[in-house]
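**Q** let's see this in three dimensions:
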Amino acid sequence: MTWEELRAYCLSLPGAQETFPFEPGAAVFKAANGKMFGVSVTTAEPLDISVKCDPDIAAALRAEYAAIVEGYHLNKRHWITITLNSDVTDDRVRQLVRDSYDLVAPRARATRKPD
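**A** Numbering: from 1, shown residues only. The predicted structure follows:
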């Protein structure tokens with residue numbers, strides 16, 4: 001997966017935005033509510049992305065994949081960093097990005113019908 005493919009996937013999620021609040025080249029992907037779901041340095045070699053993850057799932061992923069470690073410069077319990085083009089398939093990377101997005105994206109409110 002290239003940087004362009006990763007970026008395109010992140011931005012394909014509903015309401016996703018790309019910001020650069022940190023150092024130049026450190027892309028932060030946010031849901032429509034402004035909450036972060038991914039962080040990646042555009043020029044990193046090897047390319048990686050940090051995503052939010054359920055703590056229990058994160059522990060299992062770190063045990064299964066050499067390319068998944070605790071989140072770099074993020075809450076180690078709730079974030080993982082995935083090195084791309086390693087032992088994690090592109091499909092799995094996309095799923096983990098989507099899972100991260102789903103953890104932070106605003107939920108549709110159920111509207112109550114009048115009695």
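
**Q** max-length helix in the chain?
**A** The longest helix of the chain (DSSP state H) is helix 90-104.

**Q** what lies in contact with that one?
**A** 1, 5-6, 9-10, 13, 16, 31, 33, 35-38, 49, 51-54, 57, 61, 80, 82, 84, 88 (CB atoms under 8 Å, 6 or more residues apart in numbering). C-beta: built from backbone N, CA, C; applies to glycine.

**Q** let's see 7 Å
**A** With contact meaning CB atoms under 7 Å, 6 or more residues apart in numbering, helix 90-104 is reached by 1, 9-10, 13, 31, 35-38, 49, 51-53, 82, 84.

**Q** in it, what counts as buried?
**A** For helix 90-104, burial by neighbour count (16 or more other CB atoms under 10 Å) applies to 92-94, 96-98, 100-101, 104.

**Q** mind listing the strands for the chain?
**A** For the chain, the strands defined by DSSP state E cover 17-19, 26-30, 36-41, 48-52, 68-70, 79-83.

**Q** so what does the second one touch, helix or strand wise?
**A** Spelled out, that is strand 26-30. strand 17-19, strand 36-41 (3 or more CB pairs under 7 Å, 6 or more residues apart in numbering; DSSP states H and E).

**Q** which neighbours in the sheet does it have, and how are they oriented?
**A** Using DSSP bridges, strand 26-30 pairs in its sheet with strand 17-19 (antiparallel), strand 36-41 (antiparallel).

**Q** ok now that strand, how far from the chain's centre?
**A** Computed by CA atoms, centre = their mean, to the nearest Å, the chain-centroid distance of strand 26-30 equals 9 Å.

**Q** tell me the angle of that strand relative to strand 48-52?
**A** Orientation check (axes from the mean of the first three to the mean of the last three CA atoms, to 10 degrees): strand 26-30 against strand 48-52 gives 30 degrees.
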